[in-house]
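J.: Make a model of this:
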Amino acid sequence: MWSEVFLPVPEAVAPARRFASATLGSWGGPDLAWEASLLTFELATNAVVHGRSPFRLGVLRQSGGVRIAIEDTASARPEMRVAGLHDLDGRGMVVVEALADRCGYDAVPGGKIAWAELPDRP
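T.: Numbers count the residues shown, from 1 in each chain. Below you'll find the model as predicted:
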């Protein structure tokens, strides 16, 4: 697994996306780079908005695919919301669930890890 820690500021989301894409590229997995970048964007944004602490992005190569994981200090689990037509936010976990093969979270001492998995493409 490759990981890096980011500050809880909106400006950290773009470097987190680049880290995920670059990691996949170094593994020869650029086919998943767009999806991994979008998943990273949504999970990292949640960490910035709700975790309000430095967060760790992990990119894990596993049998059959890739796992994107964000660890922060918030104990509340990620929840899907129903965003109104004119709402500017509230769709992140809907996007994650739609794009990922599997997603979820694990409670850990001091916070949680929100994760999403993408399958390898044939």
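J.: alpha carbons only for contacts and neighbour counts from here, please
T.: OK.
J.: who does the lowest-mean-pLDDT helix or strand in the chain touch, helix- and strand-wise?
T.: Each helix and strand of the chain was given a mean pLDDT (mean pLDDT, DSSP states H and E); the minimum falls on helix 92-99 at a mean of 81. Helix 92-99 makes packing contacts with helix 33-46 when contacts are defined by 3 or more CA pairs under 8 Å, 6 or more residues apart in numbering; DSSP states H and E.
J.: Tell me the gap between the helix it packs on and the middle of its chain.
T.: On the basis of CA atoms, centre = their mean, to the nearest Å, the separation between the geometric centre of helix 33-46 and that of its chain is 5 Å.
J.: Kindly calculate the angle that the least confident helix or strand of the chain makes with helix 33-46.
T.: Calculated by axes from the mean of the first three to the mean of the last three CA atoms, to 10 degrees, helix 92-99 forms an angle of 160 degrees with helix 33-46.
J.: Pull out the buried positions in the next helix or strand after helix 92-99.
T.: In the C-terminal direction, the helix or strand that comes right after helix 92-99 (DSSP states H and E) is strand 102-108. Going by neighbour count (16 or more other CA atoms under 10 Å), the buried part of strand 102-108 is 103, 104, 105.
J.: Just the residues contacting strand 102-108, thanks.
T.: Strand 102-108 has contacts (CA atoms under 8 Å, 6 or more residues apart in numbering) with 75, 77, 78, 96, 97, 112, 113, 114, 115, 116, 117, 118.
J.: That strand pairs with which strands?
T.: strand 111-119 (antiparallel) (DSSP bridges).
J.: outside of the partner strand, which residues touch it?
T.: 32, 35-36, 39, 43, 64-78, 96, 100-107.
J.: Please name the bridge partners of residue 69.
T.: Assigned bridge partners for residue 69, using DSSP bridges, are residue 58, residue 115.
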